[in-house]
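> What follows is a protein structure lacking sequence information:
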């Protein structure tokens with residue numbers, strides 16, 4: 001395949017019985033041409049980047065924009081909209097410098113490695129509470145509902161300083177916004193209620209700050225609207241991703257018993273296991289950038305205004321970067337994976353996510369060493385921006 005041949009849309013369709021692997025048609029494109037032309041559903045002809053080197057180069061190049069209104073959407077269903085709307089207030093992923101820089105500078109010091117490590121003990125306490133509840137309830141639970149979702153949800157509540165009395169309704173709405181079994185109207189209703197609630201927290205935190213991230217930010221120059229938008233963004237960015245990594249990561253380990261045993265028996269392997277699962281699963285599987293000017297990548301020129309689809313899942317399985325890329329090996333060094341992105345838009349909360357997964361995943365494995373899948377696993381649709389499970393029935 002040459003750069004002038006055109007792929008018709010993002011290749012989709014995982015192979016039967018291979019829920020953790022990228023679609024074969026996608027990796028075949030990568031192996032032939034890691035950067036190639038692609039026709040978008042709206043008729044735009046842009047690019048598809050599938051090679052690790054190409055994806056990483058584009059992620060790190062500020063000549064490519066994150067602004068949604070400059071993109072062409074890569075999946076079917078949005079063709080009727082001639083232009084995507086700009087990012088909502090507080091949504092860092094849809095901003096470029098200098099707006100992005102302003103928000104990110106305020107938050108970077110709040111998500112340092114040291115500060116997040118101080119949360120390890122609290123994550124362990126929360127994990128134990130939900131593991132105790134699982135044990136008391138007895139075998140036969142949906143792991144996503146019983147453990148993978150509530151652990152990061154509680155941590156987000158504490159990060160934002162959500163009062164304990166409000167958490168039940170807050171977490172109910174938080175779960176609803178990513179529930180693919182609900183209608184679009186129901187999800188949007190839940191999202192609106194979350195926005196209203198987070199907005200109501202702002203004056204309360206200004207008037208009576210508490211020991212949490214949201215209160216810290218009230219001393220900045222952010223407006224009430226910006227604070228509310230940022231709080232909603234942090235919730236959305238930090239909950240669905242970690243919940244699905246915990247659930248899908250558990251499923252992958254159960255599918256690879258020798259790797260499950262390493263996590264169970266070697267506590268020192270936990271950190272490496274998280275990085276390898278980030279590489280192997282690549283739940284935030286697809287990104288988009290728009291070229292602001294002509295840029296040469298991999299010997300090909302991407303013209304100003306052209307959109308580029310970035311296949312993180314294909315890049316993280318690129319044999320040019322990783323040996324035996326389709327094997328899950330929690331002892332390997334997965335340094336260089338792009339599961340958290342790369343460049344100025346690299347995941348802001350990655351240290352929190354690492355702590356949550358490094359603590360919660362081994363805790364589950366050690367508490368229930370005989371855990372097994374106990375029913376049909378329901379997976380999310382590929383067009384959803386975060387891949388994962390809808391239901392993971394387990395027993396022990």
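Here it is on my side, so go on. Bear in mind that the values here come from a model prediction, so they are computed numbers and not experimental data. Numbers count the residues shown, from 1 in each chain.
> what about the chain, any weak spots by pLDDT?
Counting by pLDDT under 70, the chain has low-confidence residues at 1-3.
> distance of residue 213 from residue 125?
19 Å (Cβ to Cβ, to the nearest Å). The way it works is simple: take the backbone N, C-alpha and C, and place the C-beta from them, glycine included.
> Those two: which has the busier surroundings?
residue 213 (19 against 11; other Cβ atoms under 10 Å).
> do you know how far the residue nearest to residue 314 when sequence neighbours are not counted is from residue 105?
Spatial nearest neighbour of residue 314, chain neighbours left out: residue 50 (3.9 Å); criterion: Cβ to Cβ, 6 or more residues apart in numbering. Using Cβ to Cβ, we find residue 50 at a distance of 33 Å from residue 105.
> Could you do residue 240 as well?
25 Å.
> Any buried residues in stretch 54-73, and which?
54-59, 61, 64-68, 70-73 (16 or more other Cβ atoms under 10 Å).
> and those, which of them are in strands?
64, 65 (DSSP state E).
> What strand or helix carries the most centrally placed residue in the chain?
In the chain, the centroid-proximal residue (Cα atoms, centre = their mean) is residue 241; its distance is 3.8 Å. Here residue 241 sits within helix 224-255, counting by DSSP states H and E.
> before we move on, what about residue 76?
With DSSP H and E as criterion, residue 76 is part of no helix or strand.
> wait, what's in contact with it?
Contact analysis of residue 76 by Cβ atoms under 8 Å, 6 or more residues apart in numbering lists 9, 41, 383.
> which of the residues you listed count as buried?
With neighbours counted by 16+ other Cβ under 10 Å, the contacts of residue 76 contain buried members at residue 41.
> which one of the contacts of residue 76 is nearest residue 361?
residue 383 (27.1 Å; Cβ to Cβ).
> Quick check, the closest one in contact with residue 12.
Yes: the criterion here is Cβ atoms under 8 Å, and residue 383 meets it with residue 12 at 7.5 Å.
> So between residue 50 and residue 105, which is more surrounded?
residue 50 (30 against 10).
> gap between that one and residue 78?
22 Å.
> Residue 279 now?
Taking Cβ to Cβ, one finds residue 279 at 29 Å from residue 78.
> Between these two, which is the more surrounded one?
residue 279 (25 against 15).
> Quick check: closest non-adjacent residue to the more buried one.
That would be residue 337: by Cβ to Cβ, 6+ apart, it lies 3.8 Å from residue 279.
> Next up, identify which helix or strand that neighbour is on.
Using DSSP H and E, no helix or strand contains residue 337.
> and it, what are its phi and psi?
phi -60, psi 160 (degrees, to the nearest 10).
> what sits against it?
275, 278, 279, 316.
> In this structure the third one contacts residue 321, no?
No: Residue 279 is not in contact with residue 321 according to Cβ under 8 Å; the separation is 9.5 Å.
> How many residues are close by residue 53?
Neighbours around residue 53, by other Cβ under 10 Å: 16.
> so how far is residue 337 from it?
Distance, residue 53 to residue 337, by Cβ to Cβ: 13 Å.
> what's the answer for residue 301, then?
Residue 301 is 28 Å from residue 337, where distance means Cβ to Cβ.
> now do residue 66
20 Å.
> What of residue 298?
Here residue 298 is placed at a distance of 19 Å from residue 337 (Cβ to Cβ).
> and what of residue 290?
Applying Cβ to Cβ to residue 290 and residue 337 gives a distance of 24 Å.
> Tell me, how many residues neighbour residue 284?
Residue 284: 22 neighbours (other Cβ under 10 Å).
> my guess is it contacts residue 339, does it?
Yes: counting by Cβ under 8 Å, residue 339 is a contact partner of residue 284 at 7.1 Å.
> shared neighbours, those two?
With Cβ under 8 Å, 6+ apart, residue 284 and residue 339 have common neighbours residue 312.
> ok, now which ones touch residue 91?
Residue 91 neighbours (Cβ under 8 Å, 6+ apart): 229, 233.
> show me the contacts for residue 287.
59, 309, 310, 312, 341.
> Please repeat the previous calculation with a cut-off of 6 Å.
residue 310 (Cβ atoms under 6 Å, 6 or more residues apart in numbering).
> is it true that it lies in a helix?
No: counting by DSSP: H, G, I helix; E, B strand; the rest coil, one finds residue 287 to be strand, located in no helix.
> Identify each buried residue in stretch 40-51, please.
For stretch 40-51, by 16+ other Cβ under 10 Å, it's 40, 41, 42, 46, 47, 48, 49, 50, 51.
> Show me which of those residues is closest to residue 331.
Distance ranking of these against residue 331, using Cβ to Cβ, places residue 51 first at 25.3 Å.
> Return the distance of the closest one relative to residue 298.
Noted for residue 51: a distance of 7 Å to residue 298, by Cβ to Cβ.
> Mutual contacts of those two, please.
Common contact partners of residue 51 and residue 298 (Cβ under 6 Å, 6+ apart): none.
> Name the residues linked to residue 291 by a beta bridge.
Note on residue 291: beta-bridge partners by DSSP bridges are residue 64.
> Fine, thanks again, bye for now.
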